[in-house]
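Asker: Just a sequence and a predicted model for now, questions to come.
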Amino acid sequence: QVQLVESGGGLVQPGGSLRLSCAASGSIFSINDMGWYRKAPGKQRELVADITNTGSTNYADSVKGRFTISRDNAKKTVNLQMNNLRPDDTAVYYCKADVYTIPLTPRAYVYWGQGTQVTVSS
């Protein structure tokens, strides 16, 4: 089994910063893409940013220039540095990973974290 555990959410004022972290553990052979998604009340879950195992990144237009995704393959972690936060960034943020498990499977399976709340408000 594979677990993804997020940390780092909280309450911050507009213009502030937060850093989210996600650690993967369990029966992991390797991890392909890792990413962050978010779901705001009344809206569908959306991609925030993702990163391949070779470091290529992809960002939602709404966060480009403000958020930075990074990962440590050896530690099986992915981070999201969020700067210049805005009230419309308020959401539950979820970590996602595409994992090849042990015993090795012919394809990667998607795992999700439990989510961490980010609230941007004055």
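Answerer: Done, it's in.
Asker: Next, the contact list for the residue most central in space within the chain, please.
Answerer: Nearest to the mean C-alpha position of the chain, counting by C-alpha atoms, centre = their mean, stands W36 at 2.6 Å. W36 sits next to 20, 22, 47-50, 69, 78, 80, 93-96 when contact means C-beta atoms under 8 Å, 6 or more residues apart in numbering. To be clear about C-beta, it is placed using only N, CA and C from the backbone, and glycine gets the same treatment.
Asker: Make CSV out of those and add neighbour count, distance to I31 and pLDDT.
Answerer: Formatted as CSV, the contacts of W36 follow (neighbours: other C-beta atoms under 10 Å; distance: C-beta to C-beta, whole Å; pLDDT from 0 to 100):
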residue, neighbour count, distance to I31, pLDDT
L20, 24, 17, 98
C22, 25, 11, 98
L47, 14, 17, 98
V48, 23, 18, 98
A49, 22, 16, 98
D50, 21, 12, 97
I69, 22, 14, 98
V78, 29, 9, 98
L80, 25, 16, 98
Y93, 23, 18, 98
Y94, 21, 16, 98
C95, 27, 11, 98
K96, 20, 11, 98
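Asker: Among these, which lie within strands?
Answerer: 20, 22, 47-50, 69, 78, 80, 93-96 (DSSP state E).
Asker: Surely D33 is in a strand?
Answerer: Yes: counting by DSSP: H, G, I helix; E, B strand; the rest coil, D33 is found in a strand.
Asker: Quick check: the gap between it and N79.
Answerer: As judged by C-beta to C-beta, to the nearest Å, D33 and N79 stand 15 Å apart.
Asker: Right, I'll leave it there.
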